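[1] Provide a 3D model corresponding to the input given below.
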Amino acid sequence: MEDYMNKTKMVYFEKEDILHLAISEEPETNSLELSPNITAELNSDGELIGIEILNASTFIRDSILESAHAKMLLLTKVQPV
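    Numbers count the residues shown, from 1 in each chain. From the prediction side, this is the model:
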């Protein structure tokens, strides 16, 4: 796993609002749609080599807001008002 982390590259294409995370320089031979805006890129052995996120700015914003709201709800349940 450490080997993957050393090769990880992230590129953001601002005009298209696409975030591409490459964890290997191997050629992509297949892909798998994980959700409407997220595609996993696979090598010839079916191993994950990259992820592409369309509408990346919205996806990241919504993910961060969702995580923050969940943590805030948890904190308000733990601490009495």
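[2] Report the mean confidence score over the host helix or strand of residue 68.
    Using DSSP states H and E, residue 68 sits in helix 56-78. In this model, helix 56-78 carries a mean pLDDT of 86.
[3] Show me what it is in contact with.
    Contacts to helix 56-78, defined as Cβ atoms under 8 Å, 6 or more residues apart in numbering, come from residues 12, 17, 18, 19, 37, 38, 53. Glycine gets a C-beta too; all of them are placed from N, C-alpha and C.
[4] helix/strand/coil for the fourth one?
    In three-state terms, and counting by DSSP: H, G, I helix; E, B strand; the rest coil, residue 19 is strand.
[5] which ones are touching it?
    Neighbours of residue 19 in contact, by Cβ under 8 Å, 6+ apart: 10, 11, 12, 13, 52, 53, 56, 59, 60.
[6] try 6 Å this time
    12, 53, 56 (Cβ atoms under 6 Å, 6 or more residues apart in numbering).
[7] cool, the fifth one as well?
    Taking Cβ under 6 Å, 6+ apart, we find residue 37 in contact with 54, 55, 59.
[8] Just the buried subset of these, please.
    Buried positions within these, assessed by neighbour count (16 or more other Cβ atoms under 10 Å), are 55, 59.
[9] Dump the contacts of residue 37 to JSON lines, plus distance to residue 29.
    Output for these, formatted as JSON lines (distance: Cβ to Cβ, whole Å):
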{"residue": "54", "distance to residue 29": "21"}
{"residue": "55", "distance to residue 29": "25"}
{"residue": "59", "distance to residue 29": "25"}
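[10] quick revisit: would you mark the buried spots in the helix holding residue 68?
    Buried residues in helix 56-78 (16+ other Cβ under 10 Å): 56, 59.
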